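Chemist: Build me a model from this:
(2 chains)
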Amino acid sequence: MIEVRGISHGYLAADGVSFFQALKDVSLQIESGTFVSFLGPSGCGKTTLLRIINGLITPTQGEIRIADERVEGPKPDRAMVFQEFNLLPWRTARGNVEFPLEVQGVAKSERDRVVGRVLAQVGLEKFDNFYPHQLSGGMKQRVGLARALGVGPAYLLMDEPFGALDPQIREMMQLELMKLWDSDRKTVVFVTHSVDEAVFLSDRVIMFGTSPGRVVADLTIDLPRPRWTDDEAIKTSPKFIQYRNDIWRLLKRQLSNMPAI
Amino acid sequence: MSDHAAPTPIGRAPIDTAPKPPRSALARWWDRRGFVNCLRWGAIIAFIALWEGSSRAGWLDPLFGSSPSLIVEKLWDMVADGSIWPHVLASANIAALGFGLSVLVGVPMGLAMGRSVAIRSTLEPFTTALNASPQVAFLPLLIIWLGIGVASKVALVFLGSFLIMVINTEAGVAQVDRRLIETARSFMANERQIMLKVILPSAIPYIIAGMRLGVGRTLVMVVVAEIYAATRGLGYLIFQAGGLYDTAQVFVGVVILASAGIALNSFLRWLEKRLAPWQHVQSE
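Modeler: Below is the predicted model of the structure:
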């Protein structure tokens, strides 16, 4: 379980004077084995909270507890997938997936075994010797996903992972993520801008509002699983449409509160 | 029977759908490389021919201007009797030691300065001052401190080329994508691993660019160092020949130095392509 306890976080703006309150007193709990999305407009602190959960950022106030242990920094039980892929350009797909295992001191033979397995999981076994600049956006993010899966995390933290992809590729990646997720049901925290994406993927959608960043709604998405076998049926079901409309209404209220769009 | 029996759709002009004949391999080579290379080599050949011609026609006094054939002849003689080698070896030795040292010291120093504000702030006044001053002016001091042997010459080469290594490496560190560092941190890389596995590889194109500039500075400094108090070396050869009005021998020294510079530069460019292929894709 991930417990977010009274997290507030702020930082100085680029001018060095004004203070930006990214998150104010956010508390929530994420049950193990659930797929949870953080949804909200830009600047609502959802990505900041994800980085705090990862341990990349130390919050100004509050604490994160994972499996009843306080988060002090990154650990191999959590792995991040980034919006811009963040692959090392001088390493092949294989080399990029190997990177975290290398820095964590995993033996070479074990690394090879793990890398082979996760590259096959994301369907890239034939592209293991390709460099990032030789891969399409979707393939790059598969490498990013394989890299995260390789460390064997209990918690997968995904920061708008499909935000940089074409709409069609994005839908395909959603289906594949659902398929992958059904095989082991890790705890996933998924940050997104997209209402449809959040509803389609999640067990629960947590909505964030701006200035200051805070939780404004917490909805359980009660749609049948698996969702990848017949995604059309899910996306056209009355329940899906109802969830989507409800969330859009909440989101519009948030957007109208913002000083400028 | 006509080959063009297919009816034209009503109201539309006939469209020429015949595939264009593929351009020949020679034509494609010409487009890609041939045109540019012909101009390059043509210009070089024309220049040499003009030089040789003016010398033979008596427009250019060979005593002052020499001529390509005289230079080649001189080079051939010096290679044949072996008198060139001590000079080449002496210069190569100084260049390799001085330049090697500047890479070995400059790269780690640039990495440290790029990564740590404290180290940068401490060292920057000195690097800025040294960079702004004509490093050649230190030669008399270096000779007083290190004598007239190899050491003072190596020191001058080092002084002339290591700052470029520092400055370029530092710039390379500054341009590292912060997101890659964050990614490495999220996968638990420590500071040493971030330095060796993220920052250093990312800075390699900048480091190699620094080395290419450094090679140029190195050759200048070798010649300058050998003008002073030397009995061997290409710089010594050039200045001794100049004093004797042996212009062909001056050019022999210049040609060898220029060839070494071009060869090293090409090698470094090749190395960059090998080590940083993504860089070339982006800049294409």
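
Chemist: Return the list of helices and strands in contact with the helix of greatest length in chain A.
Modeler: The residue-count maximum for a helix in chain A (DSSP state H) belongs to helix A:238-257. Helix A:238-257 is packed against helix A:195-201, strand A:204-209, strand A:214-220, with contacts defined by 3 or more Cβ pairs under 8 Å, 6 or more residues apart in numbering or on different chains; DSSP states H and E. C-betas here are computed from N, CA, C, even on glycine.

Chemist: Distance to chain B, mean neighbour count and mean pLDDT for the ones you listed - can I get that in CSV?
Modeler: Rendered in CSV, the data for the helices and strands packed on helix A:238-257 read as follows (distance: least, Cβ to the nearest Cβ, whole Å; neighbours: other Cβ atoms under 10 Å in any protein chain shown; pLDDT from 0 to 100):
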stretch, distance to chain B, mean neighbour count, mean pLDDT
helix A:195-201, 22, 23, 91
strand A:204-209, 21, 22, 90
strand A:214-220, 24, 16, 87
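
Chemist: Could I get the buried residue list for the longest helix of chain A?
Modeler: Of the residues in helix A:238-257, those buried under the neighbour-count criterion (16 or more other Cβ atoms under 10 Å in any protein chain shown) are A:Phe240, A:Tyr243, A:Arg244, A:Ile247, A:Leu250, A:Leu251, A:Gln254.

Chemist: now the helix or strand containing B:Leu101: how far from the chain's centre is it?
Modeler: Element membership of B:Leu101 [criterion: DSSP states H and E] is helix B:85-115. Between the centre of helix B:85-115 and the centre of its chain there are 14 Å (Cα atoms, centre = their mean, to the nearest Å).

Chemist: Quick check: next helix or strand after that helix?
Modeler: Using DSSP H and E, the helix or strand that follows helix B:85-115 towards the C-terminus is helix B:117-132.

Chemist: That next one vs helix B:85-115, what angle?
Modeler: For helix B:117-132 against helix B:85-115, the angle between stretch directions is 140 degrees (axes from the mean of the first three to the mean of the last three Cα atoms, to 10 degrees).

Chemist: rewinding a little: tell me the average confidence for the helix holding B:Leu101?
Modeler: What helix B:85-115 shows for mean pLDDT is 94.

Chemist: So which elements touch that helix?
Modeler: Secondary-structure packing of helix B:85-115 (3+ Cβ pairs under 8 Å, 6+ apart): helix B:117-132, helix B:150-174, helix B:200-227, helix B:234-243, helix B:247-275.

Chemist: Switch those over to a markdown table; also include mean neighbour count and distance to chain A.
Modeler: As requested, the helices and strands packed on helix B:85-115 are arranged in a markdown table below (neighbours: other Cβ atoms under 10 Å in any protein chain shown; distance: least, Cβ to the nearest Cβ, whole Å):
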| stretch | mean neighbour count | distance to chain A |
| --- | --- | --- |
| helix B:117-132 | 12 | 16 |
| helix B:150-174 | 23 | 13 |
| helix B:200-227 | 22 | 5 |
| helix B:234-243 | 20 | 37 |
| helix B:247-275 | 16 | 8 |
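
Chemist: who wins for proximity to A:Ile234 among these?
Modeler: Across the helices and strands packed on helix B:85-115, the minimum distance to A:Ile234, taken as Cβ to Cβ, is reached by helix B:200-227, at 42.8 Å.

Chemist: what does the average pLDDT come to for that closest one?
Modeler: Helix B:200-227 comes out with an average pLDDT of 92.

Chemist: coming back round to it: may I have the longest helix of chain A exported as PDB, CA atoms only?
Modeler: Coordinates of the C-alpha atoms in helix A:238-257 are reproduced here as PDB (Å, rounded to 0.1, in the frame of the first residue of the first chain):
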ATOM      1  CA  PRO A 238     -23.200   3.600 -21.000                       C
ATOM      2  CA  LYS A 239     -21.200   3.300 -17.800                       C
ATOM      3  CA  PHE A 240     -17.900   4.400 -19.500                       C
ATOM      4  CA  ILE A 241     -19.700   7.300 -21.100                       C
ATOM      5  CA  GLN A 242     -21.300   8.300 -17.800                       C
ATOM      6  CA  TYR A 243     -17.900   8.200 -16.000                       C
ATOM      7  CA  ARG A 244     -16.400  10.300 -18.800                       C
ATOM      8  CA  ASN A 245     -19.100  12.900 -18.700                       C
ATOM      9  CA  ASP A 246     -18.900  13.200 -14.900                       C
ATOM     10  CA  ILE A 247     -15.200  13.600 -14.900                       C
ATOM     11  CA  TRP A 248     -15.400  16.200 -17.700                       C
ATOM     12  CA  ARG A 249     -17.900  18.200 -15.700                       C
ATOM     13  CA  LEU A 250     -15.600  18.300 -12.700                       C
ATOM     14  CA  LEU A 251     -12.600  19.100 -14.900                       C
ATOM     15  CA  LYS A 252     -14.400  22.000 -16.600                       C
ATOM     16  CA  ARG A 253     -15.200  23.500 -13.200                       C
ATOM     17  CA  GLN A 254     -11.400  23.200 -12.400                       C
ATOM     18  CA  LEU A 255     -10.500  24.900 -15.700                       C
ATOM     19  CA  SER A 256     -12.900  27.700 -15.200                       C
ATOM     20  CA  ASN A 257     -11.300  28.500 -11.800                       C
END
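
Chemist: any idea of the mean pLDDT for that helix?
Modeler: Model confidence over helix A:238-257 averages 85 on the pLDDT scale.

Chemist: and if you look at stretch B:37-56?
Modeler: Computed over stretch B:37-56, the average pLDDT equals 91.

Chemist: Stretch A:168-180 now?
Modeler: Over the span of stretch A:168-180, the pLDDT mean works out to 90.

Chemist: go on, stretch A:2-20?
Modeler: Averaged across stretch A:2-20, pLDDT comes to 81.

Chemist: Show the end-to-end separation of it, please.
Modeler: Chord length of stretch A:2-20, first to last residue, is 26 Å (Cα to Cα, to the nearest Å).

Chemist: Give me the buried positions along that stretch.
Modeler: Residues A:Ile2, A:Glu3, A:Val4, A:Arg5, A:Ile7, A:Ser8, A:His9, A:Gly10 are the ones in stretch A:2-20 that count as buried (16+ other Cβ under 10 Å).

Chemist: ditto for stretch A:152-170
Modeler: By neighbour count, with 16+ other Cβ under 10 Å as the criterion, the buried positions of stretch A:152-170 are A:153-165, A:169-170.

Chemist: ok, back up a step: dump the buried residues of helix A:238-257 to TSV, plus distance to B:Ile148.
Modeler: Conversion of these to TSV gives the following (distance: Cβ to Cβ, whole Å):
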residue	distance to B:Ile148
A:Phe240	87
A:Tyr243	86
A:Arg244	84
A:Ile247	82
A:Leu250	83
A:Leu251	79
A:Gln254	78
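
Chemist: which of those residues sit farthest apart?
Modeler: Across the buried residues of helix A:238-257, the two members that end up farthest from each other (Cβ to Cβ) are A:Phe240 and A:Gln254, 21.2 Å apart.

Chemist: now the helices and strands packed on helix B:85-115 as JSON lines including distance to A:Ile221?
Modeler: Shown next, in JSON lines, are these (distance: least, Cβ to Cβ, whole Å):
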{"stretch": "helix B:117-132", "distance to A:Ile221": "47"}
{"stretch": "helix B:150-174", "distance to A:Ile221": "45"}
{"stretch": "helix B:200-227", "distance to A:Ile221": "41"}
{"stretch": "helix B:234-243", "distance to A:Ile221": "78"}
{"stretch": "helix B:247-275", "distance to A:Ile221": "49"}
